[in-house]
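> I need the structure of the sequence given here:
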Amino acid sequence: MRILSIGRPLAHPSIDNHSIFNAPAVSDYEAVVLDPGGILETVQQAVDGSAEFRTFGDEPVVNGATTPTSISIAEVLRRRRDEVVRCLERGGVVAVFLYPQATLPDVIGFTGADRYWLLPAPAGLAWAPPLIRWGEGAVVATSDHGHAFSRFLDAAAGEVLYRAVFDEAAAGFAGYGKTFARSGGGDPAAVEFAVLGGTVVFLPTPRRRGDNAHALGTAIEEALRDQLGRADASEGAPYWLDQEAVPGLDDLALKAQIAREVADRAGEQARAAEREAAELARMRDVLWREGRHSLVPAAVRCFELLGFRVWPGEELVLRCDEGQLLLEVEGSSGTVGMAPHYRLRARLDAALAEGRVERGLVVVNGERTTAPAYRTAAYLDALRVASEASRYAILTAPELFRASMAAFGGAAPEALASMRRRLLETDGVVALGAE
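Take a look at the predicted model:
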């Protein structure tokens, strides 16, 4: 089992140490260690030019637009979050050293992201105050000695200088968090969360990166193996063991090896098919999901197929060669009301106050539990009237899905450009005309 560590060097033969830029795909690993403090420092160095970085594929990293000879910091950071999501969806374990929330440096095309941008959270939680709050101390006591990572806490004894703790009174913590170590004052300092299909384990942070790297690396490797249910493979059998003959053992070992190779190939094919199926299913989710954490990712994937680029952050913006759109989405089991209008209107007015005239788009997924062909009142007519008066576009989720399917099926670039122009130029409900 290989382990990927990003932002903090850990000494162990099974651990691959990399920066956020030169690491291989996070989704290729089932066990990952993240040090948000080290990652933030690396991003800062890349932004201010105090150090040069290249990707695992040896592309230069620049704080600007991606070109044929370089890749933007923003694109690398967006890819990393997708990779962490896929790792967790496959049941992976991500160990994270805990820090208080902070904002990433000013990365062009990636404004508004915070220290935990790459780490998804359980529904209704965010890795920010009030859940994570600032705190410093050097006393951490294990409260669950049966936890796999209790051995890390033993190895880090005397080296810990924790920077943050969790507030167990925060909404949602009791439903998702499992505390296994506390600060001297009793606050949760080491907590496990179930996220997607995997596990995120927050750990108190050692004083300095590089200190006691061998002991910490060994403890983390053992903890991750234990968490994933992997047997100890760090020590091979002694050289003389093969000299002790057991009749039929060699033949059976050969048969077992051949069977494992066949099974491994089948497993790889199955995982590849599952990843492709999950990607396709995410597009279809636009037809029935609701809420920022469910409908937005599905809508974003559809818009990417149409040729839009999506900037992360609290406010969604669609960009393409023809222009840009401020995006709002709203889903409901009933009829979508005026809420997305008010949100978008406030954003448009704020832009106008700054001297910018922006266009907007609202994606509505009303009657989301009804088959698209039978939806009769997906949104209030008042929303349509408001969009025409305020000069922004409305797009229904089924219309977006049909357009994305046309793009996925190989629609001509001219047809996709025409769809983008309709979204940028239409006041009111948009019909993209995709079949």
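
> what bits of the stretch 1-150 of the chain have low per-residue confidence?
For the stretch 1-150 of the chain, no stretch has pLDDT under 70.

> Which stretches in it count as strands?
3-6, 15-18, 31-34, 61-62, 71-72, 93-97, 132-137, 140-142 (DSSP state E, counting those that start in this stretch).

> Buried deepest among those strands, which one?
Highest mean neighbour count of the strands of the stretch 1-150 of the chain: strand 31-34, a mean of 25 (counted as mean count of other C-beta atoms under 10 Å). Bear in mind the C-beta positions are built from the backbone N, C-alpha and C, glycine included.

> returning to what we had before: with distance to S183 as added columns, please give the strands of the stretch 1-150 of the chain in JSON lines.
Shown next, in JSON lines, are these (distance: least, C-beta to C-beta, whole Å):
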{"stretch": "strand 3-6", "distance to S183": "25"}
{"stretch": "strand 15-18", "distance to S183": "27"}
{"stretch": "strand 31-34", "distance to S183": "21"}
{"stretch": "strand 61-62", "distance to S183": "37"}
{"stretch": "strand 71-72", "distance to S183": "39"}
{"stretch": "strand 93-97", "distance to S183": "15"}
{"stretch": "strand 132-137", "distance to S183": "5"}
{"stretch": "strand 140-142", "distance to S183": "6"}
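
> Out of those strands, flag the one nearest G184.
Nearest to G184, of all the strands of the stretch 1-150 of the chain, is strand 132-137, at 5.8 Å by C-beta to C-beta.

> Spell out which strands sit alongside the closest one in the sheet and which way each one runs.
Strands adjacent to strand 132-137 in the sheet, as given by DSSP bridges, are strand 162-166 (antiparallel).

> What residues are bridge-paired with I132?
I132 has these beta-bridge partners by DSSP bridges: F166.

> wait, I meant V201
Bridge pairing for V201 - DSSP bridges - gives A95, E192.

> Contact partners for it?
By C-beta atoms under 8 Å, 6 or more residues apart in numbering, the contact set of V201 is 93-96, 149, 190-193, 227.

> in whichever strand or helix holds R301, what's buried?
Assigned by DSSP states H and E, R301 belongs to helix 295-305. Residues of helix 295-305 classed as buried under the neighbour-count rule (16 or more other C-beta atoms under 10 Å) are 295-303, 305.

> Dump the C-alpha coordinates for that helix into PDB.
Provided in PDB are the C-alpha atoms of helix 295-305 (Å, rounded to 0.1, in the frame of the first residue of the first chain):
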ATOM      1  CA  LEU A 295     -27.300  20.500  -7.500                       C
ATOM      2  CA  VAL A 296     -24.400  22.800  -8.100                       C
ATOM      3  CA  PRO A 297     -21.800  20.100  -8.900                       C
ATOM      4  CA  ALA A 298     -24.200  18.500 -11.300                       C
ATOM      5  CA  ALA A 299     -25.000  21.700 -13.000                       C
ATOM      6  CA  VAL A 300     -21.300  22.700 -13.200                       C
ATOM      7  CA  ARG A 301     -20.400  19.500 -14.900                       C
ATOM      8  CA  CYS A 302     -23.100  20.100 -17.500                       C
ATOM      9  CA  PHE A 303     -21.900  23.600 -18.100                       C
ATOM     10  CA  GLU A 304     -18.300  22.400 -18.500                       C
ATOM     11  CA  LEU A 305     -19.400  20.200 -21.400                       C
END
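
> helices and strands around it, which ones?
Counting contacts by 3 or more C-beta pairs under 8 Å, 6 or more residues apart in numbering; DSSP states H and E, helix 295-305 is packed against helix 249-284, strand 309-311, strand 316-320, strand 323-331, strand 359-365, helix 397-408.

> and with 7 Å instead?
Here helix 295-305 touches helix 249-284, strand 309-311, strand 323-331, helix 397-408, going by 3 or more C-beta pairs under 7 Å, 6 or more residues apart in numbering; DSSP states H and E.

> Format the ones you listed as JSON lines; extra columns: mean neighbour count and mean pLDDT.
Listed next are those as JSON lines, based on neighbours: other C-beta atoms under 10 Å; pLDDT from 0 to 100:
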{"stretch": "helix 249-284", "mean neighbour count": "11", "mean pLDDT": "84"}
{"stretch": "strand 309-311", "mean neighbour count": "17", "mean pLDDT": "83"}
{"stretch": "strand 323-331", "mean neighbour count": "22", "mean pLDDT": "94"}
{"stretch": "helix 397-408", "mean neighbour count": "21", "mean pLDDT": "93"}
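
> For E52, find the nearest of these.
strand 309-311 (25.0 Å).

> List the strands paired with the closest one, with their directions.
Partners of strand 309-311, by DSSP bridges, with direction: strand 316-320 (antiparallel).

> Which residues does the host helix or strand of L348 contact?
If you go by DSSP H and E, L348 is part of helix 339-353. When contacts are defined by C-beta atoms under 7 Å, 6 or more residues apart in numbering, helix 339-353 is touched by residues 315, 326, 328, 330, 358, 360, 362, 383, 386, 390, 392.

> wait, which of the helices and strands packed on helix 295-305 is closest to G184?
Short answer: strand 309-311, nearest of the helices and strands packed on helix 295-305 by C-beta to C-beta, at 42.0 Å.

> Give me the residues contacting the closest one.
Taking C-beta under 7 Å, 6+ apart as the rule, strand 309-311 contacts 109, 300, 303-304, 316-320.

> switch to 10 Å and redo it
Contact partners of strand 309-311, identified using C-beta atoms under 10 Å, 6 or more residues apart in numbering, comprise 74-75, 78, 109-113, 296-297, 299-301, 303-304, 316-321, 324, 327.

> If you count neighbours, what's buried in stretch 363-381?
Buried, per 16+ other C-beta under 10 Å, within stretch 363-381: 363-368, 372, 375, 378-380.

> Could you give the separation between the terminal residues of it?
This stretch, stretch 363-381, spans 15 Å end to end (C-alpha to C-alpha, to the nearest Å).

> Let me know the average pLDDT across it.
The pLDDT scores in stretch 363-381 average 95.

> Now the buried members of the contacts of helix 339-353.
Using 16+ other C-beta under 10 Å as the burial test, the contacts of helix 339-353 include 326, 328, 330, 358, 360, 362, 383, 386, 392 as buried.

> What is the nearest of those to A266?
A266 has its nearest neighbour among the buried ones among the contacts of helix 339-353 in E330, at 43.0 Å by C-beta to C-beta.
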